[in-house]
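Undergrad: Here's my sequence, what's the structure:
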Amino acid sequence: MDIKWLKTFITAAKYENLRRASEDLFLTQPALSKHIKKLESHLNTKLFDRVGKNITLTPAGYQFLSYAKEIVEKYNKGMEEFEAWKQGYNRKLTIAVAPQIASSVLPGILRGFIDEYPDIEIIVDIVNSFKIGEQLCLGKAEIGISRMEPAQKNLSCEIIHEDPVILVAPYRKNENFPVEEEVLKQYRVLTNNHPTYWSNLLTEIKRSYPRIRTMPVTQIEISKRFIEKGLGVSYLPLSMVREELKQRTMIEIKHDKVQSTTSFTYVVTKIETPEVQLFTSFLTKEFEKMLIT
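TA: Numbering: from 1, shown residues only. Presented below is the predicted three-dimensional model:
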């Protein structure tokens, strides 16, 4: 029995339509029908009733579908483990991480962790903070690094880093160092690029500067590029803009009327596997180094 026949059968059962199934599998309809006929011949039973291009599962098809899914799942898992073995891995860790963290501090942390534990295969899944808890509950990741606490109560959540949120503006050579009021009058405030602090922070800003102009930009990386091009200013976690400040593509504007706030980084887990414990310990040490520097 060919694994391709089973994958074709599962997809055909999903759509109950030969055209849609063939498009999903990038197969011609004759090739798809051939796979199904070979599987039916191998099992010596009819799996589908056909009406034109539409198909429905027979009682035998319904019965066999769960077996087919189980076989394909075990096959895929086995192939993944075999590929990992060929590459020298004997352990695996899937990390669900928020985009803001993945694009800033994570690369350096991963570089150090991989150097120290080369036998652990690392899979990085970029997920919005509010979906990280769901990924862990579904078993799609072993550990999450998030900018917000998960809604799921069956998960363990720990603050691993506290980040001051600072006002940053475009760097302009030979210009006087601007103050908060000047910057907020001159530029639009880029908002909505963090999942937790903007609601309260924007209220605070408008209380002190009611005539500010805003521009929602939902990703920190895009916000940073907009700031560098002079399209606005924003309140961002220090760790997210540390390199830009060093390279002088941005400048920090000191707080005046607007009270400072804090961004938190959370480690979210469900099951404390040895790999999760190793990565959490390593992550904690790396964030402690950031506080020192």
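Undergrad: Now do the helices in the stretch 101-250 of the chain.
TA: For the stretch 101-250 of the chain, the helices defined by DSSP state H, counting those that start in this stretch occupy 106-116, 129-137, 180-186, 198-208, 220-228, 238-246.
Undergrad: Show me what the third one is packed up against.
TA: With contacts defined as 3 or more CB pairs under 8 Å, 6 or more residues apart in numbering; DSSP states H and E, helix 180-186 has these neighbours: strand 156-170. From N, CA and C alone the C-beta is placed, and that goes for glycine too.
Undergrad: so where's the stretch 51-200 of the chain uncertain?
TA: Residue ranges of the stretch 51-200 of the chain with pLDDT under 70: 53, 84-90, 175.
Undergrad: and with 80 instead?
TA: Low-confidence segments of the stretch 51-200 of the chain, defined by pLDDT under 80: 52-53, 80-90, 174-177.
Undergrad: these two touch, right, residue 238 and residue 166?
TA: Yes. Between residue 238 and residue 166 a contact is recorded at 5.6 Å, counting by CB atoms under 8 Å.
Undergrad: Leaving out chain neighbours, which residue sits closest to residue 125?
TA: residue 96 (4.8 Å; CB to CB, 6 or more residues apart in numbering).
Undergrad: Also residue 6?
TA: Nearest to residue 6 is residue 68, by CB to CB, 6+ apart, at 4.7 Å.
Undergrad: per-residue pLDDT, residue 240?
TA: For residue 240, the model assigns a pLDDT of 89.
Undergrad: State the distance from it to residue 216.
TA: From residue 240 across to residue 216, the span is 17 Å (CB to CB, to the nearest Å).
Undergrad: and what of residue 111?
TA: Taken as CB to CB, the span from residue 111 to residue 216 is 33 Å.
Undergrad: OK, contacts around the residue lying closest to residue 179 once chain neighbours are set aside?
TA: Nearest non-adjacent residue to residue 179, counting by CB to CB, 6+ apart: residue 256, 6.4 Å away. By CB atoms under 8 Å, 6 or more residues apart in numbering, residue 256 lies in contact with 179, 180, 181.
Undergrad: Is residue 79 within a helix or a strand, and which one?
TA: Element membership of residue 79, judged by DSSP states H and E, is helix 59-86.
Undergrad: quick check, distance from the helix or strand just after that helix to the centre of its chain.
TA: Per DSSP H and E, helix 59-86 leads on to strand 91-97 as the next helix or strand towards the C-terminus. How far strand 91-97 lies from its chain's middle: 11 Å, per CA atoms, centre = their mean, to the nearest Å.
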